[in-house]
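Colleague: A predicted structure for the sequence below; I have some questions about it.
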Number of protein chains: 2
Amino acid sequence: MSARRIPAALVEARRANLRAALDRAGFDGVLTLSAANVDYASGYRSVAAVVHGTSPLAALVTGDRLIVAGPVSDSAPAFDFGLEPDDYLAYGRFFFESEGGLAAPTRLVDQHADYASAIAAAVARVPAGSRLAIDDAACPEPLRRRLGELLPATEFVDASGWLAEVRAVKLEGEVELLERSARIVEHAMLTAIDEAAIGMTEADIARIVTRELVAADFDPRFTVVTAGERSALADAFATDRVVREGDLVRFDIGGMYQGYWADLGRTAVAGEPTARQASFYRAILAGEEAQFELAKPGVPAEEIFRRAIEVTEAEGLPAPYRRQHCGHGIGLEVYEAPIIRPDAPTPLVPGMTFCFETPYYELGWGGMMVEDALVVTETGIRLLSDRRRELQVISA
Amino acid sequence: MSARRIPAALVEARRANLRAALDRAGFDGVLTLSAANVDYASGYRSVAAVVHGTSPLAALVTGDRLIVAGPVSDSAPAFDFGLEPDDYLAYGRFFFESEGGLAAPTRLVDQHADYASAIAAAVARVPAGSRLAIDDAACPEPLRRRLGELLPATEFVDASGWLAEVRAVKLEGEVELLERSARIVEHAMLTAIDEAAIGMTEADIARIVTRELVAADFDPRFTVVTAGERSALADAFATDRVVREGDLVRFDIGGMYQGYWADLGRTAVAGEPTARQASFYRAILAGEEAQFELAKPGVPAEEIFRRAIEVTEAEGLPAPYRRQHCGHGIGLEVYEAPIIRPDAPTPLVPGMTFCFETPYYELGWGGMMVEDALVVTETGIRLLSDRRRELQVISA
């Protein structure tokens, strides 16, 4: 992302939510390691992590403290963001100067040798015997082993799934950012469809999408614009293939706004759709809409998957319509639990946010999709994207 | 990136280069795991990897074969790119359909259970007793253990450093893409400096940069535009801070063109520079230029580091000028070996590409930098970015 302006109130609300969940689960604190979990817990996102892929942060949240372990290079930007210098444990070497040498980051050089040592120093600040949750899924084996050696008395409980559950139910401010993220992508796709013309290349059209995305401070991550037989390739880069009369043109666009992902899809046809294109698209659209109608609190994710398959087949896509999933949770990560798949008994809960989708990829013919974002309400769902979901047309 | 158009001849040339290096090193083949190494070996980049962070590819190169292990979801786009279906070992579940079900990707569903199994199947296709290099740095312990169990007779030799050395010396086509990448960033920064004005925010200016980057099919990864006291924060996101008279405005911009990174820096002052701003900038610019003058084949990286420090101090930056490095190799990764640091005896070789930089960050006052890309020639260097390296001015 080019600019950061996540509301301070949302950062506070997320941490309060995490603390309430810690209380309910009987944990004294949680040590978060994945970039998304550290962001959720602290509000801080590292730019340097892109440059130095090996310099991660960790955030330790207890009932009354937030302690962060991270590289020296992230210290000054983290304090500027609002993190407390006394509760930042730094590792590695990077030089910030200051007149008189008084500013905190100037003193952090070589404070701790590495990530594990900084984490251990953070954990040493909470009372001995604390029961700490850890997102083990983001903890490589060598780090887990070192933490065990450095902190022999600390009990870590694997809580990756628990953290995913906490994050799955979004706060109001999160839903607002997810809707803003989705609306930016929706607008970018529809602008590209309006400006696209037969004779342009996939890359020409993809460039319109990214132009609109970055104009809204959105951070593009995948911009799949594929035409004709290439529209069947699922996740593929745009190329210089020219859009010709009769082509399907499939858009699958993803990225982040203030860390919150959008992942939406639309399909257009260049000129008049054939009967097959029109009827197949009606089927996948009906499948997506059947998901919207069924989804409400208490309904298991797997039932929504089954309904999508049934309705898409009943409305005219050749059976069997084979999918590994028909949607996924979305938030600080593009795929979050629960996934809308055949073996997911998790019931929907108000505040969960999803992308529902019923894509179809037929090699040699083409691919089509419609994918939208939504939030589960008390009685059903509210769409976070909903414009021009029918088969779109690109003209000469 | 929104569009992929890496030249097929370059992909061939890289693989030929890798094979020549295998011969010289006495390896029968190399198993590459990191995204950059898989790209170098195969030319293929996964879009799906962004969505499914846990679905990596591996590429096994021998004297006459390229065998790829990857998720089913990458199979159809990989074959469209030009990989050989018979030499793609797939894992996981994803459904491509085809009329008659004949196309290769439709048959790959559930071929192998996971990444390790697909890799093992790939390795099983090379003669028993082969001596294989592996980029161990990208191989997590559990995967390494599974590979050991699945392939008890295979000798893997850790060759992460060797692969970095092979990739450090760029082919002509790589230098062309790196120059294109650098020129795109240079143009974007200078356009933003020209359009910037006192009263605009950091985010406003960053948005101009990303607008220009994506217009050239560049993939932005960090767009650091920071003003005033924030310019001292090193890697920090742009915010809504307004640019005021007298502010330093520091640009540090990075991302990829066709997988090849650029990472450049420029500094502007809003209005007339103060004497301190002007003299400090002259010092860091002299430090960067001293590196250009010294760099040529045979000169150790550490000597270039020392010269940068000496000259920057001699030209007026307060001693000690403290830096952990004054530049780094650049290519398919943003930081590649060798790094221009105090403990790097590696001598420069024609074809190596670098970014040289002499940034200065003073908390409470500001930060400044000038960073440019270059290639080592037979007799010295050739700059891949060189426009308006002096202190720039932003006016009202």
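Modeller: Sure thing, it's come through. Since this is a predicted model, take the numbers as computed values, not measurements.
Colleague: CA only for contacts and neighbour counts going forward, please
Modeller: Noted.
Colleague: beta partners for A:E362?
Modeller: A:G366, B:E97 (DSSP bridges).
Colleague: and the longest helix for chain A?
Modeller: As assigned by DSSP state H, the longest helix anywhere in chain A is helix A:172-195.
Colleague: following element in sequence after it, please.
Modeller: Following helix A:172-195 in sequence order, the next helix or strand is helix A:202-215 (DSSP states H and E).
Colleague: tell me the helices and strands packed up against that following helix.
Modeller: Contacts defined by 3 or more Cα pairs under 8 Å, 6 or more residues apart in numbering or on different chains; DSSP states H and E place helix A:202-215 against helix A:172-195, strand A:219-227, helix B:202-215.
Colleague: just say which of these is most tucked in.
Modeller: strand A:219-227 (a mean of 28; mean count of other Cα atoms under 10 Å in any protein chain shown).
Colleague: distance of the residue in the stretch 51-200 of chain A positioned nearest to chain B from B:L102?
Modeller: Distance from chain B to each residue of the stretch 51-200 of chain A (Cα to the nearest Cα) is smallest for A:E97, at 4.5 Å. Distance from A:E97 to B:L102, counting by Cα to Cα, to the nearest Å: 65 Å.
Colleague: quick one on the thing from earlier: and the helices and strands packed on helix A:202-215: which comes nearest B:A164?
Modeller: strand A:219-227 (26.4 Å; Cα to Cα).
Colleague: who does that closest one pair up with?
Modeller: strand A:248-257 (antiparallel).
Colleague: in the partner strand, what counts as buried?
Modeller: A:L248, A:V249, A:R250, A:F251, A:D252, A:I253, A:G254, A:G255, A:M256, A:Y257 (16 or more other Cα atoms under 10 Å in any protein chain shown).
Colleague: pLDDT on the helix or strand containing A:E12, on average?
Modeller: Assigned by DSSP H and E, A:E12 belongs to helix A:8-25. Mean pLDDT, computed over helix A:8-25, is 97.
Colleague: kindly report the same for stretch A:60-73.
Modeller: Summarised as a single mean, pLDDT over stretch A:60-73 is 97.
Colleague: what's the answer for stretch A:262-271, then?
Modeller: Averaged across stretch A:262-271, the pLDDT comes to 98.
Colleague: list the buried residues of it.
Modeller: Going by neighbour count (16+ other Cα under 10 Å), the buried part of stretch A:262-271 is A:A262, A:D263, A:L264, A:G265, A:R266, A:T267, A:A268, A:V269, A:A270, A:G271.
Colleague: isn't the last one up against A:I394?
Modeller: Which is A:G271. Yes. A:G271 is in contact with A:I394 according to Cα atoms under 8 Å; the separation is 5.9 Å.
Colleague: between those two, what contacts are shared?
Modeller: Shared contacts of A:G271 and A:I394 (Cα atoms under 8 Å, 6 or more residues apart in numbering or on different chains): none.
Colleague: pLDDT value on the residue in the stretch 251-396 of chain A that chain B sits nearest to, please?
Modeller: Nearest to chain B, among the residues of the stretch 251-396 of chain A, is A:E362, at 4.5 Å (Cα to the nearest Cα). According to the prediction, A:E362 has pLDDT 97.
Colleague: list the contacts of it.
Modeller: A:E362 touches A:A232, B:F96, B:E97, B:S98, B:E99, counting by Cα under 8 Å, 6+ apart.
Colleague: how about the backbone phi and psi for the closest residue to A:D136 other than its chain neighbours?
Modeller: When the adjacent residues along the chain are set aside, A:D136 lies closest to A:D158, with 5.4 Å between them (Cα to Cα, 6 or more residues apart in numbering or on different chains). With angles defined as degrees, to the nearest 10, A:D158 sits at phi -60, psi 120.
Colleague: ok, A:D158 touching A:R131?
Modeller: No. Using Cα under 8 Å, A:D158 is not in contact with A:R131, being 10.9 Å away.
Colleague: for the residue of the stretch 101-250 of chain A found nearest chain B, which non-adjacent residue is closest in space?
Modeller: Here the residue of the stretch 101-250 of chain A nearest chain B is A:A238; by Cα to the nearest Cα that distance is 4.5 Å. Residue nearest to A:A238 in three dimensions, not counting chain neighbours: B:A3, with 4.5 Å by Cα to Cα, 6+ apart.
Colleague: dump the residue contacts of the one you found.
Modeller: So B:A3 contacts A:E202, A:A203, A:A206, A:F237, A:A238, A:T239, A:D240, B:D217, B:Q258 (Cα under 8 Å, 6+ apart).
Colleague: over to A:E202?
Modeller: Taking Cα under 8 Å, 6+ apart, we find A:E202 in contact with A:V225, A:T226, A:A227, A:A238, A:T239, A:D240, A:R241, A:V242, A:V243, B:A3.
Colleague: now A:A373
Modeller: A:A373 touches A:E179, A:A182, A:A262, A:D263, A:L264, A:T353, A:F354, A:C355, A:F356, A:L383, A:L384, A:S385, counting by Cα under 8 Å, 6+ apart.
Colleague: the last one and A:F356 touch, don't they?
Modeller: Looking back up the chat, that one is A:S385. No. Shown here, A:S385 and A:F356 do not form a contact pair, counting by Cα under 8 Å, at 10.9 Å.
Colleague: report pLDDT for the residue of the stretch 101-250 of chain A closest to chain B.
Modeller: 97.
Colleague: quick check: it vs A:D217, distance?
Modeller: 22 Å.
Colleague: tell me, how many residues neighbour the nearest residue to A:V72 once chain neighbours are set aside?
Modeller: Counting by Cα to Cα, 6+ apart, the nearest residue to A:V72 once its immediate chain neighbours are dropped is A:A90, at 5.1 Å. When neighbours are counted by other Cα atoms under 10 Å in any protein chain shown, A:A90 registers 31.
Colleague: quick one: secondary structure of A:A90?
Modeller: Following DSSP: H, G, I helix; E, B strand; the rest coil, A:A90 is assigned to strand.
Colleague: report pLDDT for it.
Modeller: pLDDT for A:A90: 97.
Colleague: check contacts around it.
Modeller: A:A90 sits next to A:A69, A:G70, A:P71, A:V72, A:S75, A:L108, A:V109, A:D110, A:Q111, A:H112, A:A118 when contact means Cα under 8 Å, 6+ apart.
Colleague: show me which of these are buried.
Modeller: Neighbour counting with 16+ other Cα under 10 Å marks A:A69, A:G70, A:P71, A:V72, A:S75, A:L108, A:V109, A:Q111, A:H112, A:A118 as buried within those.
Colleague: any chance of the residues you listed in TSV, with secondary structure too?
Modeller: Below are the buried ones among the contacts of A:A90 laid out as TSV (three-state DSSP):
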residue	secondary structure
A:A69	strand
A:G70	strand
A:P71	strand
A:V72	helix
A:S75	helix
A:L108	coil
A:V109	coil
A:Q111	coil
A:H112	strand
A:A118	helix
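Colleague: now distance to A:V376 too, for these, in CSV please.
Modeller: Shown next, in CSV, are the buried ones among the contacts of A:A90 (distance: Cα to Cα, whole Å):
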residue, distance to A:V376
A:A69, 35
A:G70, 36
A:P71, 38
A:V72, 41
A:S75, 38
A:L108, 45
A:V109, 47
A:Q111, 46
A:H112, 45
A:A118, 40
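Colleague: next to chain B, which bits of the stretch 151-300 of chain A? Give me the list.
Modeller: Contact residues (Cα under 8 Å from any Cα of the partner chain) of the stretch 151-300 of chain A with chain B: A:202-203, A:206-207, A:210-211, A:214-215, A:217, A:221-224, A:232-240.
Colleague: let's go with 7 Å and repeat that
Modeller: Counting by Cα under 7 Å from any Cα of the partner chain, the positions of the stretch 151-300 of chain A adjacent to chain B are A:203, A:206-207, A:210-211, A:214-215, A:217, A:222-223, A:233, A:235-239.
Colleague: which among the residues you listed gets closest to A:T54?
Modeller: Among those, A:F222 lies closest to A:T54 (Cα to Cα), at 23.0 Å.
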